[in-house]
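Visitor: pasting the structure only:
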């Protein structure tokens, strides 16, 4: 039988363990830039996480010895301490993950929504197997270049400032809908972009010789694969493509990017790794020939680091085709105003 001596002593031990373990988790978050564990601060400014960790650990011990004088008289046996510390550890980890997820949700609640922007005309597209939204700039009476956008299957394109910047530059933008997850299969996905190109070439306002593709995440892999065999695609830009199946399994590094609950949602797309292997985008980079290609990664990418992508691509092939943006991660890259400006400028110069 367990003997905790007194409820007061057991509760104080539990609180001590809980506070110090939360503090230790904040040290880990600050040291490794894991925003998925951080209760305060950020990956770029971990000072507050360090201060909170010190306060919890030092304050926890100071409070415990001040509030528990009987600890010097009555001691708990090892089994009782294991139970209390184990329970406190589980509670501390759960508290940290849930609280961090809630705080991250509050911080990212206010985001711009392209659907609320009345500057651009929008048309819902439903043609054969193609589904998506067409964004049209001001009509000048001349055929315009068009960008097909393949978002991440687990992302929400309406949150991206990229579409607004591209349309503002005078590009027609077709945002392609992958469809339900259960319908995303290989080789069926290979028909997405050719179907989009076929649809666009039927429209009078589109210049069929100036069709570019922007792929995000897995969409980048599909964009490269399709462009490697479709000469109608004149330019390709990919944001954080995987290129290799290994890059789809970031482990705890994903907590550098987002909260634990968001990481679970991201990981729930179980077909990602298999699709990357089947698309084999790396094998099709060389087939683009002289057509413009740019791969953009964030230097804080916790899922597919830029240096790993460079190694995967090969130094010779990466030269002039790979760019790293400071301060951006895998998931933040498509939402960055710096990214959207760079994307719009690159397509203006290369398409």
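Guide: In hand now; what should we look at? None of the values given here were measured: they were computed from a predicted structure.
Visitor: quick one, longest helix in this structure?
Guide: Criterion DSSP state H: the longest helix present in the chain is helix 78-107.
Visitor: only the buried residues of it, if you could.
Guide: For helix 78-107, the buried set under the neighbour-count rule, 16 or more other Cβ atoms under 10 Å, comprises 80, 83-85, 88-89, 92, 96-97, 100-101, 104. Every C-beta, even on glycine, is put in place using the N, C-alpha and C of the backbone.
Visitor: again with stretch 174-193
Guide: By neighbour count with 16+ other Cβ under 10 Å, stretch 174-193 contains the buried residues 174-179, 184, 189-190, 192-193.
Visitor: ok, now stretch 327-344?
Guide: Residues of stretch 327-344 classed as buried: 328-336, 339-340, 342-344 (neighbour count, 16+ other Cβ under 10 Å).
Visitor: now, which of those sits nearest residue 167?
Guide: Nearest to residue 167 among these is residue 344, at 9.2 Å by Cβ to Cβ.
Visitor: checking my notes, the closest one in a helix, right?
Guide: Yes. Residue state for residue 344 (DSSP: H, G, I helix; E, B strand; the rest coil) corresponds to a helix.
Visitor: wait, what's in contact with the nearest residue to it once chain neighbours are set aside?
Guide: Sequence neighbours aside, residue 165 is the residue nearest to residue 344 in space, at 4.3 Å (criterion: Cβ to Cβ, 6 or more residues apart in numbering). The contact partners of residue 165, taken as Cβ atoms under 8 Å, 6 or more residues apart in numbering, are 340-341, 343-344.
Visitor: check residue 200 too.
Guide: Counting by Cβ under 8 Å, 6+ apart, residue 200 has contacts 146, 148, 172, 174, 206, 208, 211.
Visitor: same check on residue 130?
Guide: 176, 192, 195-196, 199.
Visitor: same thing but at 10 Å, please
Guide: 174, 176-177, 179, 191-200 (Cβ atoms under 10 Å, 6 or more residues apart in numbering).
Visitor: do residue 341 as well
Guide: Counting by Cβ under 10 Å, 6+ apart, residue 341 touches 161-162, 165, 169.
Visitor: most surrounded residue in those?
Guide: Per-residue neighbour counts (other Cβ atoms under 10 Å) across the contacts of residue 341 peak at residue 162, which has 30 neighbours.
Visitor: ok, that one touching residue 147?
Guide: Yes. Counting by Cβ atoms under 10 Å, residue 162 sits close enough to residue 147 to count as a contact (9.1 Å).
Visitor: what do those two both touch?
Guide: Taking Cβ under 10 Å, 6+ apart as the criterion, residue 162 and residue 147 both touch 173, 175, 214, 237, 343-344.
Visitor: how many neighbours does the spatially closest residue to residue 186 that is not a sequence neighbour have?
Guide: Among residues not flanking residue 186 along the chain, residue 278 sits closest, at 4.1 Å (Cβ to Cβ, 6+ apart). Neighbour count for residue 278, taken as other Cβ under 10 Å: 16.
Visitor: same deal with residue 240?
Guide: 31.
Visitor: one step back: looking at the buried residues of stretch 327-344, which are in helices?
Guide: With DSSP H as the criterion, helices contain 339-340, 342-344 from among those.
Visitor: pLDDT and distance to residue 262 for those - can I get that in a markdown table?
Guide: Output for these, formatted as a markdown table (pLDDT from 0 to 100; distance: Cβ to Cβ, whole Å):
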| residue | pLDDT | distance to residue 262 |
| --- | --- | --- |
| 339 | 93 | 19 |
| 340 | 93 | 22 |
| 342 | 95 | 25 |
| 343 | 95 | 24 |
| 344 | 94 | 28 |
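Visitor: which of the residues you listed sit farthest apart?
Guide: 339 and 344, at 9.7 Å, using Cβ to Cβ across those.
Visitor: return the item of the buried residues of stretch 174-193 having minimum pLDDT.
Guide: Among the buried residues of stretch 174-193, residue 179 has the lowest pLDDT, at 87.
Visitor: helix, strand, or coil at the closest residue to it other than its chain neighbours?
Guide: Using Cβ to Cβ, 6+ apart and skipping the chain neighbours, the partner closest in space to residue 179 is residue 131 (6.3 Å). With three-state DSSP as the basis, residue 131 sits in strand.
Visitor: that older thread, and the residue nearest to residue 344, what helix or strand is that in?
Guide: Using DSSP states H and E, the element containing residue 165 is helix 161-168.
Visitor: how far away from the center of its chain is the worst-scoring helix or strand of the chain on mean pLDDT?
Guide: When the helices and strands of the chain are scored by mean pLDDT, DSSP states H and E, helix 315-318 comes last with a mean of 71. Helix 315-318 sits 25 Å away from the centroid of its parent chain (Cα atoms, centre = their mean, to the nearest Å).
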